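Trainee: fold the stuff below for me.
(2 chains)
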Amino acid sequence: MSFGDILGQEKAIEVLTRALLSGSVAHAYIFQGGADYQADIAARNFAKALNCKSVRRTDPCGACESCLKIDAGTHPYVIEVMPHGMSIKMEQVKKVLRASSLSAEQGAWKVFIFHEANTLTTEASNSLLKTFEEPAGRTVFILLVNDTSTLLPTIVSRCQVVTFVPVGAEKIRSFLVSAGIPEERAGLLSTLALGSPKRALLMAQDEEFWALRQYAREIMESLRRGDDLAGYDEIVQDRNRALELLGVLAEYFRDRLVLSLGVQDVMYNPEEVQAVFCDCERQNTAKCLACLDIIESIRRAISANANLRLALTVLFIKLRRAWFED
Amino acid sequence: MNIQVAQSSLLWGLNIVSRVVPSSSPMPILTGVLIETWKGAARLTATDLESAVQCTIPARIMQEGAAVLPLKLFAELVRRLPPQDITLSLRENEMVAITWEKAQYNLNGFKPDEFPKMMMVERERGVEVPADTLIEMIKSTVYAAASSEDRNISLTGVLVQVKQGKLTMATCDGIRIACISRDTDYGGQSYEFIVPAKVMQEVARLSSGVDDTPVKIFFTENQVLFDINSVLLASRLIDAKFPDYQQIIPNRYYTSMALDSNEFFSACERAALVPREGANYIRLQFSASGVVITSAASSVGTVYEEVPGVLTGEPLDISFNPRFLLDGLKVVLGKPLVFDGTGPSSIACISSPEFRDFFYLVLPLRR
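Mentor: Below you'll find the predicted structure:
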């Protein structure tokens, strides 16, 4: 992948290319926005561009020995650190500091990429401070985070922050279409993915996600008609799926709420809402809020390990009462 | 790749390179050994990204090429093979077929292109050292390198200084300094670099097998290469500044005592047994008749031992962490020993007139 393949991050890419062209590369960066907005791809690309053997200076060739090794994760001077379990630990940071203190081949850049840097333990973060303060030549640290507020302020103040922003819906839609995703799915996902092309693509290819949406629609239909719920036994087996289902239901009621307030253009999914709620003319703001409250309380109960079958039964009874019975 | 090698030489090669290979690594390819055809032989390489070891074994080449196999498993297998010729041939998807007689093992490998390149090719600047001299120099210094990176990363390495006619190695961990110099026929410009202590230990180990062949040491700005009887060990250098240890060497000593190193070492070693629990120090009182060694631990008992010696200068009452004292004494064991002191709470020196150009400086414990 080249910088050109990164969607909708012109500003961030410009900052990075300018650094590459002028040679004034900072010794520590925070890529704010994280993997959701393809900052991980940008970080790896930056490492490739710094070490690329070809003459192009801003975009790596992707074909030289150095580029191939960075892609394979076997480059001796480009090291990516992932959380071990829940966090990035002191022991891992020590290894990085050790590697950063070793000499590198003439002209090579040592690049250390910390994925999910918000999981750095306090102890590990602190051990990085001294290195960030006294940068060694041709060494770059890149921290990927969703939000700089999750890092120690002492770390943030020593880094250059490059912000990766949510990508516009239209850009995501055309990106999905060009990736071969059917038009109607692409349209829906462009809003549901909350500006993350990566999330959009994952959702698009996840058939279970679509099956779950289908199931959510069936549930609403059954609730409206007062029928028995089909597929109930299956969903009560899987806590994560149940939580995802609640997410979809919440999304429907959220859209219905937005509609009742008359601000249609911020709806995720106008078509589906029409299908789910057959009464879209009515003003039901209070009811929408009540249903969202119900969904949230059940979500919390399920996250706190409530009995899944009971929790969902309560959910459906309450939703039916709150929404469909006047 | 398709080659035929003798089991014994393959096993020898795998044993040599296996020392640097981590048993597990976030980079799985590092647990592998690169096998490639090279000038009519087979070359084995392993690396942990800090250093790399390479050796060449005789082979009959049917087809040129390269393969990477998981080293541990491959070595286990080769160790159990009958002593005869084995064929290694690369199949699809990095799989290597290992065949002998009527058996065939197929092992999954890694992509050779992805194997990190660590070996230095440049051989411009270098110095030759007899293997036994090199081993002596490493063993006299490497133990005093810092074991953790917390203080100053440069201290985890061995400082190597190459000057006209002289090779020096020094280590320091904040409490002690060990330094040794030897003559060489090096005539070029002066250089100094820091080699990770772990790598130096490996150099000593690999050098111990070779008889008279001198070890060749080549260095650049960023790498050092040891050529030990055609086994190559390359290492990255520690990119930090080593403290100016010359500054710490005292100009003059106020106390100096000549001792029998065996006698003094044994006495100190015995005395160190008692205070192992608790304060952990031994006290040395130097006077005209010799040195009195005492130590005590209230829960264990007490120690009193006299060792005769010849005093020059003032008497001295000084205490040490026994481990730091014994490490230095071990180097001069069997040779006449000179203990020099500058005061009860300042630096002391261990050296021997028969082991020239070596000194060990150690800080005492403050009481």
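
Trainee: pLDDT weak spots in the stretch 51-200 of chain A?
Mentor: Within the stretch 51-200 of chain A, the segments meeting pLDDT under 70 span A:55-57.

Trainee: let's see it at 80
Mentor: Residue ranges of the stretch 51-200 of chain A with pLDDT under 80: A:55-58, A:134-136.

Trainee: so which bits of it are right by chain B?
Mentor: A:65, A:68-69, A:72-76, A:82, A:94, A:97-99, A:101-106, A:136 (CB under 8 Å from any CB of the partner chain). Quick note: C-beta positions are derived from backbone N, CA and C, even for glycine.

Trainee: show me which of those are buried.
Mentor: Buried residues within these, counting neighbours by 16 or more other CB atoms under 10 Å in any protein chain shown: A:68-69, A:72, A:74-76, A:97, A:99, A:101-105.

Trainee: so which residue of chain B comes closest to chain A?
Mentor: Residue of chain B nearest chain A, by CB to the nearest CB: residue B:222 (3.6 Å).

Trainee: contacting residues for that residue?
Mentor: Residues in contact with residue B:222 (CB atoms under 8 Å, 6 or more residues apart in numbering or on different chains) are A:103, A:104, A:105, A:106, B:236, B:237, B:239.

Trainee: quick one, phi/psi of it?
Mentor: phi -130, psi 0 (degrees, to the nearest 10).

Trainee: tell me the pLDDT of it.
Mentor: Looking at residue B:222, its pLDDT is 88.

Trainee: now it: how far from residue B:177?
Mentor: Using CB to CB, to the nearest Å, we find residue B:222 at a distance of 26 Å from residue B:177.

Trainee: for whichever residue of the stretch 51-200 of chain A sits closest to chain B, which non-adjacent residue is closest in space?
Mentor: As assessed by CB to the nearest CB, chain B sits closest to residue A:103 within the stretch 51-200 of chain A, at 3.6 Å. Closest residue in space to residue A:103, ignoring its immediate chain neighbours: residue B:222 at 3.6 Å, by CB to CB, 6 or more residues apart in numbering or on different chains.

Trainee: and the residue most central in space within chain A, what does it touch?
Mentor: Centroid-nearest residue in chain A: residue A:36, 3.3 Å away (criterion: CA atoms, centre = their mean). For residue A:36, the contacting residues are A:146, A:195, A:196, A:198, A:199, by CB under 8 Å, 6+ apart.

Trainee: now, those that are in strands?
Mentor: With strands defined by DSSP state E, no entry of these lies inside them.

Trainee: mind giving me the PyMOL select for those residues, buried ones only?
Mentor: Per 16+ other CB under 10 Å, the buried members of those correspond to this PyMOL selection:
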select buried, chain A and resi 146+195+196+198+199
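
Trainee: including distance to residue A:226, could the contacts of residue A:36 go into CSV?
Mentor: CSV is the format used below for the contacts of residue A:36 (distance: CB to CB, whole Å):
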residue, distance to residue A:226
A:146, 43
A:195, 39
A:196, 39
A:198, 41
A:199, 36
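
Trainee: got the phi/psi numbers for residue 298?
Mentor: All of this is about chain A. With angles defined as degrees, to the nearest 10, residue A:298 sits at phi -70, psi -40.

Trainee: so it touches residue A:314, yeah?
Mentor: Yes. Counting by CB atoms under 8 Å, residue A:298 does reach residue A:314; the two are 6.7 Å apart.

Trainee: the more surrounded of these two?
Mentor: With neighbours defined as other CB atoms under 10 Å in any protein chain shown, residue A:298 and residue A:314 compare such that residue A:298 has more, 22 against 16.

Trainee: which residues does that one contact?
Mentor: By CB under 8 Å, 6+ apart, the residues touching residue A:298 are A:246, A:311, A:312, A:314, A:315, A:318.

Trainee: just the closest of the residues you listed to residue B:208, please.
Mentor: Nearest to residue B:208, judged by CB to CB, of those is residue A:246 at 67.7 Å.

Trainee: so what's the closest residue to that closest one other than its chain neighbours up against?
Mentor: Once flanking residues are discounted, residue A:246 sits nearest to residue A:299: 4.9 Å by CB to CB, 6+ apart. With contact set as CB under 8 Å, 6+ apart, residue A:299 has these partners: A:243, A:246, A:250.

Trainee: hmm, which of these is lowest in pLDDT?
Mentor: Sorting the contacts of residue A:299 by pLDDT puts residue A:243 at the bottom of the list (88).

Trainee: just the element for that residue, please.
Mentor: If you go by DSSP states H and E, residue A:243 is part of helix A:239-260.

Trainee: now do the buried residues in that helix.
Mentor: A:241-242, A:244-246, A:248-260.

Trainee: which strands and helices lie in contact with that helix?
Mentor: Applying 3 or more CB pairs under 8 Å, 6 or more residues apart in numbering or on different chains; DSSP states H and E, one finds that helix A:239-260 contacts helix A:207-225, helix A:232-235, helix A:270-276, helix A:285-303, helix A:308-319.

Trainee: mind doing that once more with 6 Å?
Mentor: When contacts are defined as 3 or more CB pairs under 6 Å, 6 or more residues apart in numbering or on different chains; DSSP states H and E, helix A:239-260 sits against helix A:207-225, helix A:270-276, helix A:285-303.

Trainee: so which of those is nearest residue B:218?
Mentor: helix A:207-225 (58.6 Å).

Trainee: what sits up against that closest one?
Mentor: A:203, A:229, A:244, A:245, A:248, A:249, A:276, A:320, A:324 (CB atoms under 6 Å, 6 or more residues apart in numbering or on different chains).

Trainee: in that helix, what counts as buried?
Mentor: Across helix A:207-225, burial judged by 16+ other CB under 10 Å covers A:209, A:212, A:213, A:215, A:216, A:219, A:220, A:222, A:223.

Trainee: quick one, what contacts residue B:85?
Mentor: B:4, B:6.

Trainee: thought the residue of the stretch 51-200 of chain A closest to chain B was touching residue B:234?
Mentor: No. Taking contacts as CB atoms under 6 Å, residue A:103 lies outside contact range of residue B:234: 11.5 Å.

Trainee: measure stretch B:290-304 end to end?
Mentor: 13 Å (CA to CA, to the nearest Å).

Trainee: again, but for stretch A:147-163
Mentor: Taking CA to CA, stretch A:147-163 runs 9 Å from one end to the other.

Trainee: give me the distance from it to the chain's centre.
Mentor: Centroid separation between stretch A:147-163 and its chain, computed with CA atoms, centre = their mean, to the nearest Å, is 19 Å.

Trainee: what does stretch B:342-356 give?
Mentor: For stretch B:342-356, the distance to the chain centre is 24 Å (CA atoms, centre = their mean).

Trainee: what comes up buried for that stretch?
Mentor: Residues B:342, B:343, B:347, B:348, B:349, B:350, B:351, B:352, B:355 are the ones in stretch B:342-356 that count as buried (16+ other CB under 10 Å).

Trainee: before we move on, what about stretch B:280-289?
Mentor: For stretch B:280-289, burial by neighbour count (16+ other CB under 10 Å) applies to B:280, B:281, B:282, B:283, B:284, B:286, B:287.

Trainee: helices - which of those residues land there?
Mentor: With helices taken from DSSP state H, there is no overlap with these.

Trainee: take the residues you listed and lay them out in TSV including pLDDT.
Mentor: Below are the buried residues of stretch B:280-289 laid out as TSV (pLDDT from 0 to 100):
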residue	pLDDT
B:280	84
B:281	89
B:282	92
B:283	94
B:284	95
B:286	96
B:287	95
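
Trainee: fine by me, we can end here.
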